[in-house]
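**Q** Everything below, folded, please.
(one chain, ligands or ions: 1)
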Amino acid sequence: MNGKAALINASRCIGHGACAAACPVGAITLVFGTETRGVNIPYITPNFETNVKGIFIVGELGGMGLIRNAVTQGREAVEYISCFIKENEVVNKDIYDTIIVGAGPSGISASLAALKYKFKFLTIEQGDIGGTILQYPRHKIVMTSTMELPLYGKVKVKETTKESLLDLFMEVIKKTGLKININEKMLELKQENGNFRVITTKGEYLSRTVVLAIGRRGTPRKLGALGENLPKVTYRLLEPEQHRNQNLLVVGGGDSAVETAMALANQPGNNVILSYRGESFSRIKPMNKQRLDEAVSKKLIKVIFNSNLKEIREKDVKITVGEEIKVFPNDYIYIFAGGELPNEFLTKIGIQIEKKFGKA
Ligand SMILES: Cc1cc2nc3c(=O)[nH]c(=O)nc-3n(C[C@H](O)[C@H](O)[C@H](O)COP(=O)(O)OP(=O)(O)OC[C@H]3O[C@@H](n4cnc5c(N)ncnc54)[C@H](O)[C@@H]3O)c2cc1C
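**A** You can find the predicted model right below:
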């Protein structure tokens with residue numbers, strides 16, 4: 001348009017960035033956020049290194065969601081580290097080549113790559129193996145595309161379930177003998193004489209490099225609505241089956257919100273409202289769009305665009321729709337407004353954070 005590239009259909013974008021890599025004249029630039037809604041992104045080079053040399057960021061923490069991207073980034077970051085780590089062989093056996101923090105898709109992939117390159121490495125995970133996938137609702141359909149796991153090869157799945165994907169990760173971990181320290185949380189990260197000291201709930205370690213694969217889901221973004229601290233407000237759905245014959249509100253405009261609304265609408269007797277502040281679902285996967293349209297036409301879900309949650313009360317909610325304030329009966333609320341960047345932690349170690357506004 002006027003000699004400039006224009007986005008035609010955002011919902012067709014699956015965020016893998018292959019278009020930019022394939023464009024022969026470099027005419028495609030990938031952007032984060034929208035022009036109006038900025039998104040905080042840590043500064044990272046194309047090799048996933050931050051401005052603090054030796055600290056790498058992969059997966060959702062770096063701003064790009066989706067399992068396949070996380071797996072690719074984890075693998076590529078460690079491949080890059082392998083280029084220089086072996087050249088300057090470590091003399092001190094007490095210092096790790098790398099410590100990987102987080103065992104979601106990006107951390108698992110980074111760890112498998114570290115195993116492949118025979119690094120002296122450690123992976124720590126504050127919870128259990130699987131990351132955000134563990135937080136998906138039971139039997140959730142997971143949509144992804146072919147991805148390559150180090151030491152395993154290509155995983156050719158397009159549509160699977162939460163449980164099958166976790167089984168696959170566990171099978172790979174078992175087959176390769178990958179060791180992950182679960183229930184060990186990183187508390188602090190400090191620079192020390194050219195290395196990094198990682199302080200966790202179980203000990204302290206020194207490492208030449210650190211790969212942060214900690215995602216963003218640890219701190220769900222809040223809306224700031226009145227009454228948001230009521231116990232009926234939740235930021236993730238694990239068991240849709242626990243809701244029957246209830247008035248439920250889901251807030252958000254991404255895949256997580258849409259999938260949650262559909263999972264709740266599939267339970268008997270529920271009355272589900274999906275509230276989104278935008279005027280259309282421009283970011284969701286085409287399959288979700290199709291399923292949502294079907295659910296709306298069957299009157300299983302009521303979608304309210306251009307709406308903002310204003311106040312949450314014991315038995316109802318107030319939602320601003322355009323100029324009007326509407327009241328709906330309500331038993332539970334699920335909010336999916338993304339995750340906050342752990343700004344304080346990142347800035348404390350000196351990692352720069354930029355606010356991006358959907359511009360190249
Ligand atoms: C409801 C929902 C549905 C989704 N559906 C899909 C889908 O169908 N397809 C798709 O491709 N993507 C989907 N996604 C997105 C996808 O799950 C994420 O993009 C992906 O999991 C990101 O991987 P990650 O490794 O970067 O981070 P995560 O998976 O978030 O893993 C980060 C890990 O780091 C650990 N960690 C954090 N802090 C510390 C610490 N201090 N010390 C130690 N460990 C720490 C966490 O416990 C966690 O295990 C969905 C997301 C949600 C919320």
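
**Q** Report whether residue 113 is found in a strand, as I expect.
**A** No: secondary structure of residue 113 (DSSP: H, G, I helix; E, B strand; the rest coil): helix, not part of a strand.

**Q** residue contacts, the closest residue to it other than its chain neighbours?
**A** Distance criterion CB to CB, 6 or more residues apart in numbering; nearest residue to residue 113, sequence neighbours excluded, is residue 78 at 3.6 Å. For the C-beta atoms, the positions are set from N, CA and C on the backbone; glycine is no exception. Taking CB atoms under 8 Å, 6 or more residues apart in numbering, we find residue 78 in contact with 98, 110, 113-114, 117, 119, 150, 211.

**Q** swap the cut-off to 6 Å and go again
**A** Neighbour list for residue 78: 110, 113-114 [criterion: CB atoms under 6 Å, 6 or more residues apart in numbering].

**Q** can you redo the residues you listed as a markdown table with distance to residue 273?
**A** Converted to a markdown table, those look like this (distance: CB to CB, whole Å):
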| residue | distance to residue 273 |
| --- | --- |
| 110 | 40 |
| 113 | 44 |
| 114 | 46 |
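
**Q** Please identify which of those residues is nearest to the ligand.
**A** residue 110 (8.8 Å; CB to the nearest ligand atom).

**Q** Can you mark which positions in stretch 271-285 are buried?
**A** 271-277, 281, 283-285 (16 or more other CB atoms under 10 Å).

**Q** Might you specify the subset of those located within strands?
**A** 271-275 (DSSP state E).

**Q** Of the contacts of residue 78, which is the most crowded?
**A** Highest neighbour count within the contacts of residue 78, by other CB atoms under 10 Å: residue 110, with 35 neighbours.

**Q** Give the other helices and strands that the helix or strand hosting it contacts.
**A** Using DSSP states H and E, residue 110 sits within helix 105-116. Packing partners of helix 105-116 (3 or more CB pairs under 6 Å, 6 or more residues apart in numbering; DSSP states H and E): helix 67-85, strand 95-101.

**Q** relative to helix 67-85, how tilted is the shortest one?
**A** Computed with axes from the mean of the first three to the mean of the last three CA atoms, to 10 degrees, the direction of strand 95-101 lies at 170 degrees from that of helix 67-85.

**Q** Please tell me how far strand 95-101 is from the chain's geometric centre.
**A** 22 Å (CA atoms, centre = their mean, to the nearest Å).

**Q** picking that back up, give me the angle between the helix holding residue 110 and helix 67-85.
**A** 40 degrees.

**Q** how far away is residue 196 from residue 51?
**A** 14 Å (CB to CB, to the nearest Å).

**Q** and the two? which has more neighbours close in?
**A** residue 196 (23 against 12).

**Q** Surely the more buried one is in contact with residue 206?
**A** No: with contact defined as CB atoms under 6 Å, residue 196 does not count as touching residue 206 (7.0 Å).

**Q** Average pLDDT for stretch 138-152, rounded please.
**A** Averaged across stretch 138-152, the pLDDT comes to 92.

**Q** All the helices of this protein, residue numbers only.
**A** Assigned by DSSP state H, the chain shows helices spanning 18-22, 67-85, 105-116, 162-176, 255-265, 286-297, 343-348.

**Q** Residues in contact with the third one: which ones?
**A** This points to helix 105-116. 58-59, 67, 70-71, 73-75, 78, 98, 100, 121, 123, 149-151, 169, 178, 211, 213.

**Q** contacting residues for the closest residue to residue 129 other than its chain neighbours?
**A** Leaving aside its chain neighbours, residue 129 sits nearest to residue 103 (4.8 Å; criterion: CB to CB, 6+ apart). Residues in contact with residue 103 (CB under 6 Å, 6+ apart) are 123, 125, 129, 180.

**Q** Of those, which is the nearest to the ligand?
**A** residue 125 (4.9 Å).

**Q** What score does the closest residue to the closest one other than its chain neighbours have for pLDDT?
**A** Distance criterion CB to CB, 6+ apart; nearest residue to residue 125, sequence neighbours excluded, is residue 103 at 3.7 Å. At residue 103, the pLDDT value in this model is 98.

**Q** Just want the phi and psi numbers for residue 103.
**A** phi -130, psi 50 (degrees, to the nearest 10).

**Q** restrict the ones in strands among the buried residues of stretch 271-285 to those near the ligand?
**A** When CB under 6 Å from any ligand atom is applied, no member of those is adjacent to the ligand.

**Q** What is the most widely separated pair among the residues you listed?
**A** Greatest spacing in those, by CB to CB: 271 and 275 (13.4 Å).

**Q** tell me the domain boundaries of the chain?
**A** According to automatic domain parsing, the chain comprises the domains 45-219, 233-335.

**Q** what's the straight distance from one end of the longest one to the other?
**A** The separation between the terminal residues of domain 45-219, taken as CA to CA, to the nearest Å, is 25 Å.

**Q** Also the last one?
**A** Between the opening and closing residues of domain 233-335 there is a gap of 7 Å (CA to CA).

**Q** Spatially nearest residue to residue 176, not counting backbone neighbours?
**A** Residue 176's closest residue in space is residue 151 (CB to CB, 6+ apart), at 4.9 Å.

**Q** Now that neighbour: phi and psi?
**A** Dihedral angles (degrees, to the nearest 10) for residue 151: phi 70, psi 0.

**Q** quick one: contacts for it?
**A** Contacts of residue 151 (CB under 6 Å, 6+ apart): 112, 116, 176.
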